[in-house]
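[1] I'd like to go over a predicted model; first the sequence, then the structure.
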Amino acid sequence: MSNEFSLHKEIAIYMDIIYYLASCDTCRKIIKSLPKEHDFKFHDIKQDPITVAELEKMRELSGSYEALFSKKAQLYKSMDLKNKSLTEEDYKKYILEHYTFLSRPVFIIKDKIYIGNTQQNMLQVMKALV
């Protein structure tokens, strides 16, 4: 019985995940293009905000909070953040405060991270799924 439990626990650790925004047309289009047979955990960051632990795992994989931060967000412009000198702690704080600051979608596949919706990034995601 304990072997069964540890097997399920291992599977959960290695499950591929997508952090996305359900209301985002680009995210929905990308999700539709993914291979149907691949088993992803879908995490809508508006309905279920990311936790400190999840964000720290993303930072560990990406190398910085800035890499996860969206400078395209409307709040970034309206808060005039481009004219401020932001630190890693600032990026972390803003991402945790409001989902719009996370560059999306974020894929974690086989413990590698893929951030954003650029064509090059999406090609890397598709390669990782093969």
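    Arrived safely. Numbers count the residues shown, from 1 in each chain.

[2] from now on I want contacts and neighbour counts done on CA atoms only, so please keep to that.
    OK.

[3] give me the below-cutoff pLDDT ranges for this protein.
    Judged by pLDDT under 70, the chain has its weakly predicted residues at 1-14.

[4] that one: strands as residue ranges?
    For the chain, the strands defined by DSSP state E cover 16-20, 40-44, 106-109, 112-115.

[5] nearest to E60 among these would be which one?
    Closest to E60 of those is strand 112-115 (C-alpha to C-alpha; 9.5 Å).

[6] please name the nearest non-neighbouring residue to H43.
    Sequence neighbours aside, Y19 is the residue nearest to H43 in space, at 4.8 Å (criterion: C-alpha to C-alpha, 6 or more residues apart in numbering).

[7] got the contact list for the one you found?
    For Y19, the contacting residues are 42-45, 104-107, taking C-alpha atoms under 8 Å, 6 or more residues apart in numbering as the criterion.

[8] most surrounded residue in those?
    Taking other C-alpha atoms under 10 Å to define a neighbour, the member of the contacts of Y19 with the most is P105, carrying 26 neighbours.

[9] go ahead and confirm that residue touches L21.
    Yes. Using C-alpha atoms under 8 Å, P105 is in contact with L21, at 7.5 Å.

[10] where's the residue nearest to P105 when sequence neighbours are not counted relative to A67, distance?
    In space, and not counting its chain neighbours, P105 is closest to Y20: 4.7 Å by C-alpha to C-alpha, 6+ apart. From Y20 over to A67 the distance is 16 Å, taken as C-alpha to C-alpha, to the nearest Å.

[11] who's more crowded, those two?
    Neighbours per residue, other C-alpha under 10 Å: of Y20 and A67, the larger number sits with Y20, 25 against 16.
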